[in-house]
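Colleague: everything below, folded, please.
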Amino acid sequence: MDEKEFLHRKALRLEYFTVGYNVFEALVSIAAGKIAGSISLIGFGLDSIVESLSGLVMIWRLRKHGRMDKNEEERIERRTRRFVGLTFVLLAVYVLFESVRKIVLKETPEPSVPGIVIAVLSLIIMPLLARMKFKIGKELKMGSLVADAKETVVCSFLSLALLIGLVMRIAFDFRLADPIVGLVIVVYLFKEGCELLFEKEEEHENKE
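Modeller: Predicted structure coming up:
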């Protein structure tokens, strides 16, 4: 097995783990959110479902490796990057809507120990996962995997926002912490998503 084949298989294992963890994260967050009546936790779980869709597309992309000619592989690569970009934009719209709604309606996440645990767990796992994906994506010159790594970073940011909102609510009764951090994340999401959606082929080639 050559080095590139080894890296492709490693990337595929990372994506399987990403999807599995996101499904687990979604189930725990939505269940904890319903118990605590926390819109923030339920939203975090729904975000995990959207992110798992990106992971499933990456699994499909990686499994296609070596089964097609170079031109077809490049075409699929472009489509995959655009799909990942679309998930960025969808996440941005969702986070923007939820953040503004919380500010207008003055909604705050209720204290939730499971919510804090899942947020901390994601803050530990997601940065490590993103780093490995980013490194492999650069080595393979696979833009879609690099983009997916950035989306994993976004999950870390959302975990931080959730944790800050829950902790600030408990410790200082600060009701706007969660939506304010969410609005900051929206800027990053839109920027990365639009870059991938409207990326020109020659620009991608220059990056590689």
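
Colleague: was I right to think residue 77 contacts residue 143?
Modeller: Yes - Residue 77 lies in contact with residue 143 (Cβ atoms under 8 Å); the separation is 6.6 Å. (C-beta placed from N, C-alpha, C; glycine too.)

Colleague: which parts of the longest helix seen in the chain are buried?
Modeller: Counting residues, the longest helix in the chain under DSSP state H turns out to be helix 70-105. Going by neighbour count (16 or more other Cβ atoms under 10 Å), the buried part of helix 70-105 is 76-77, 80-92, 94-96, 98-99, 102-103.

Colleague: and what of stretch 145-156?
Modeller: Buried, per 16+ other Cβ under 10 Å, within stretch 145-156: 145-156.

Colleague: check stretch 51-59 too.
Modeller: So for stretch 51-59, counting by 16+ other Cβ under 10 Å, buried means 51-55, 57-59.

Colleague: cool, and stretch 59-68?
Modeller: Neighbour-count burial for stretch 59-68, counted by 16+ other Cβ under 10 Å, picks out 59, 61-62, 65.

Colleague: and what of stretch 119-136?
Modeller: In stretch 119-136, counting by 16+ other Cβ under 10 Å, buried: 119, 122-123, 125-126, 129-130, 132-136.

Colleague: inside helices: which ones of these?
Modeller: Counting by DSSP H, the buried residues of stretch 119-136 place 119, 122-123, 125-126, 129-130, 132-136 in helices.

Colleague: and those as a markdown table, adding pLDDT?
Modeller: Shown next, in a markdown table, are these (pLDDT from 0 to 100):
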| residue | pLDDT |
| --- | --- |
| 119 | 91 |
| 122 | 93 |
| 123 | 93 |
| 125 | 94 |
| 126 | 92 |
| 129 | 93 |
| 130 | 93 |
| 132 | 94 |
| 133 | 93 |
| 134 | 94 |
| 135 | 94 |
| 136 | 93 |
